[in-house]
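Enquirer: the following block contains a protein sequence and its predicted model.
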Amino acid sequence: MSSPEDFTGTRPVSAQHAFDEGALGAWLTHHVEGFTGPLALESFKGGQSNPTYKLSTSDATYVLRTKPAAQALLLPSAHAIEREFKVMHGLHGTEVPVPRMLALCEDESVIGRAFYVMEFMEGRVFWDQSLPGLSPPERAAIYDEMNRVISSLHRVAYAEHGLGDFGRPGIHPTQPRVIAVLDWELSTLGHPLADFSYHAMAWNIAPGDFRGIHGLDLAGLGIPDQTSYLARYCERTGLVSLQDLQADWNFYMAYNLFRMAAILQGIAKRVEDGTAASAQALRAAAGARPLARLGWQFAQQA
């Protein structure tokens with residue numbers, strides 16, 4: 001079993017994810033306004049794909065996100081941190097909360113891989129969708145805030161924010177408020193309902209199979225049931241009626257469960273190769289089989 005501490009906070013940088021910190025500091029001095037060393041570097045515990053680091057100086061904190069180490073075998077279109085930088089830069093100033101992008105380096109000769117730097121957002125990351133330790137009203141507020149943010153994302157006039165060619169045609173320390181949506185590695189232009197149904201998979205996944213809330217006492221926890229959550233999204237976006245969304249829901253669930261199972265199988269391969277970015281990667285990879293099995297169940301009903 002894993003605990004929140006397994007995914008929260010930082011740890012020392014492992015040998016497989018280390019690089020020349022002096023070279024990084026020199027580059028930041030010339031490309032990030034106001035940056036001054038010395039620099040302290042730690043790895044964030046969470047995440048399974050692109051290594052992510054906390055950069056600390058005497059007067060500022062930053063986040064560094066890189067491609068995996070050069071020795072890792074990468075798929076041609078995977079780990080595209082340049083795309084992450086572009087989408088968050090484009091969304092800055094919209095109703096979708098994102099951190100400020102500070103600098104992008106595509107020159108792999110600097111530290112041996114491409115990277116970008118963004119502002120550090122001091123908040124909470126909830127890995128357990130049942131939100132243990134919170135009160136029912138707090139859980140209700142957080143779920144409604146998640147619904148608001150993804151609804152806002154799907155209403156963005158993306159072409160007006162420099163994202164027309166982006167593809168083929170996550171929270172506040174104390175308040176139930178999303179302060180930044182992170183980890184845009186798999187983002188692209190696409191059908192908003194494919195995205196929303198991926199976001200809503202937790203209602204159909206048992207906690208023992210992967211991170212989910214299926215079978216829990218949602219009313220007692222203060223978490224909306226799936227129908228209520230879908231209805232609120234439909235009201236906020238105006239993209240689809242609840243009836244039409246529910247009519248195709250089995251299809252969307254099958255699609256996303258198989259997609260997630262494939263992602264987890266990829267993590268399993270990185271565990272085997274020794275390039276996984278997180279110590280919890282092996283546990284995450286174990287979810288591939290139950291999610292594929294659940295996806296097949298939804299496919300048979302579609």
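Expert: That came through, no problem.
Enquirer: can you pull out the strands in the stretch 101-250 of the chain?
Expert: Listed in chain order, the strands of the stretch 101-250 of the chain (DSSP state E, counting those that start in this stretch) span 101-105, 115-119.
Enquirer: okay, the ones you listed, which one's buried deepest?
Expert: Compared across the strands of the stretch 101-250 of the chain, strand 115-119 shows the largest average neighbour count, a mean of 22 (mean count of other CB atoms under 10 Å). Every C-beta, even on glycine, is put in place using the N, C-alpha and C of the backbone.
Enquirer: run the chain-centre distance for that strand.
Expert: 15 Å (CA atoms, centre = their mean, to the nearest Å).
Enquirer: again, but for stretch 24-39
Expert: Using CA atoms, centre = their mean, the offset of stretch 24-39 from its chain centre is 27 Å.
Enquirer: list the buried residues in it.
Expert: Of all the residues in stretch 24-39, those buried under the rule 16 or more other CB atoms under 10 Å are Leu24, Gly25, Trp27, Leu28, Phe35, Leu39.
Enquirer: also stretch 159-174?
Expert: So stretch 159-174, judged by 16+ other CB under 10 Å, has buried residues His161, Leu163, Phe166, Ile171, His172.
Enquirer: where does the chain dip in pLDDT?
Expert: 1-7, 46-49, 70-79, 168-170, 172, 271-283 (pLDDT under 70).
Enquirer: buried residues, the lengthiest helix in it. List them.
Expert: When the chain is parsed with DSSP state H, its longest helix is helix 249-273. Under the neighbour-count criterion of 16+ other CB under 10 Å, helix 249-273 has 249-261, 263-264, 266-268, 270-271 buried.
Enquirer: and which of the buried residues of stretch 24-39 is nearest to Ala60?
Expert: Phe35 (7.2 Å; CB to CB).
Enquirer: so that closest one, which state does it fall into?
Expert: The assignment at Phe35 comes out as coil when based on DSSP: H, G, I helix; E, B strand; the rest coil.
Enquirer: quick check: Ala180 touching Gly123?
Expert: Yes: in this structure, Ala180 is within contact of Gly123 by CB atoms under 8 Å, at 7.0 Å.
Enquirer: between the two, which is the more surrounded one?
Expert: Ala180 (20 against 17; other CB atoms under 10 Å).
Enquirer: need the contact list for that one.
Expert: Pro97, Val98, Pro99, Met121, Gly123, Gly170, Ile171 (CB atoms under 8 Å, 6 or more residues apart in numbering).
Enquirer: what distance do you get for it to Leu189?
Expert: Going from Ala180 to Leu189 by CB to CB, to the nearest Å gives 21 Å.
Enquirer: where along the stretch 101-250 of the chain do the helices fall?
Expert: 136-153, 192-199, 218-221, 226-237, 242-247, 249-273 (DSSP state H, counting those that start in this stretch).
Enquirer: tilt between the longest one and helix 226-237?
Expert: To tie it back to what came earlier, the one meant is helix 249-273. 100 degrees (axes from the mean of the first three to the mean of the last three CA atoms, to 10 degrees).
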